[in-house]
Structure formats: structure tokens, C-alpha cells
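Provided below for reference: sequence and predicted model.
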Amino acid sequence: MEKVTACLVASRAAGARWRPAAFSLGLAALLWGGLPIGTGGDAGTRAAHAQEAPIRFLCDFPSLNNGRPFPLEFVFEPTSRRAVLIGNNGVSDLVAFTGATAWSFVEPLATGAVQVTVIAANGDALHSRHSLMGGTRFSPAQAAGRCSIRRVAG
């Protein structure tokens, strides 16, 4: 738990590249209003899950790396609704969406493009890269993969 919290704190201290205030209030409500998988929408259910342990997703997308391992690690804190990607480029803040059967993580890039990862409750995953090279040329990539999903012990 301390390592996860340290990553989230370090991520915030480094400064977010994206601010929800730049979008409409309606979009911000959509981005931050989801509930953790398996919870209902009533206030009592949200309160019951308010102290849930963070969820760690250890994923691999080998087809993005010519069949060699391509690991991505995501951490989602249900209490704060914060998510981060821990990868070879350090820690990045993410926008998290949760629903009845999947988690979706959106990584805004400095170019304005995004990378999206959707993880199903059974661990199946899809990672989509919408990268812009030189500001004008798209370099798209998409790969299916698998994730282990674990609660982080406190």
C-alpha cells in the first residue's frame, strides 16, 4: 500500500499534464463519476466501498513488441478515483472510467493524443495507441493482452 500511495503522490508532485477543468462540467462529471466494478449507484453502496484497497493491474501486450513481453502496470484507487500508469517512462496520471464489467484507463499525451487501455473483469485487455509523430503523422497501434488483477494489501 505504501508503494502504491508513494507512486500516486509522486505522480501528483510531478504535475499532471491534463486538467479536468479544461473540459465542460458535464464531461468532468462523466470522467470522475463512475463507480468501481461490482458496486451499485446508491449512496449507501458507495459509502460501503469508500475504503476499498487499491487495485493493481499487471498487464502484458506482447504483440506491441514483436512477441516479446510488453508489460504495463496500472494502479487504481477506488477511494480517491485516481489511477496511474507505471511504465518504462515513469509514472503517468490517467483518467479512469469504471463500469459493470470493465475498467478503462486513458492516458492523455503532451501532443493532445491519447492512449487507451480497457481491462475486462476476467483479465482480457485491449491497449490502443493514438500517437502523433512530429505533430502531424499518426502512428496507431492496437494489441490484445492479459492482465492479472489484484487488490493491494494495506
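Received it, and whenever you're ready, just let me know what you need.

okay, CA-based contacts and neighbour counts for the rest of this
Noted.

which of the residues in the longest strand seen in the chain are buried?
Criterion DSSP state E: the longest strand present in the chain is strand 137-151. Residues 143-147, 149 are the ones in strand 137-151 that count as buried (16 or more other C-alpha atoms under 10 Å).

list the helices and strands it packs on?
Packing partners of strand 137-151 (3 or more C-alpha pairs under 8 Å, 6 or more residues apart in numbering; DSSP states H and E): strand 55-60, strand 124-133.

turn these into TSV, columns for mean pLDDT and distance to F97.
Listed next are the helices and strands packed on strand 137-151 as TSV, based on pLDDT from 0 to 100; distance: least, C-alpha to C-alpha, whole Å:
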stretch	mean pLDDT	distance to F97
strand 55-60	97	14
strand 124-133	94	14
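
so for L109, which of those sits nearest?
With C-alpha to C-alpha as the criterion, L109 lies closest to strand 124-133 of the helices and strands packed on strand 137-151, at 8.1 Å.

thinking again about what came up before, direction included, what does the longest strand of the chain pair against?
With DSSP bridges as the test, strand 137-151 is paired with strand 55-60 (antiparallel), strand 124-133 (antiparallel).
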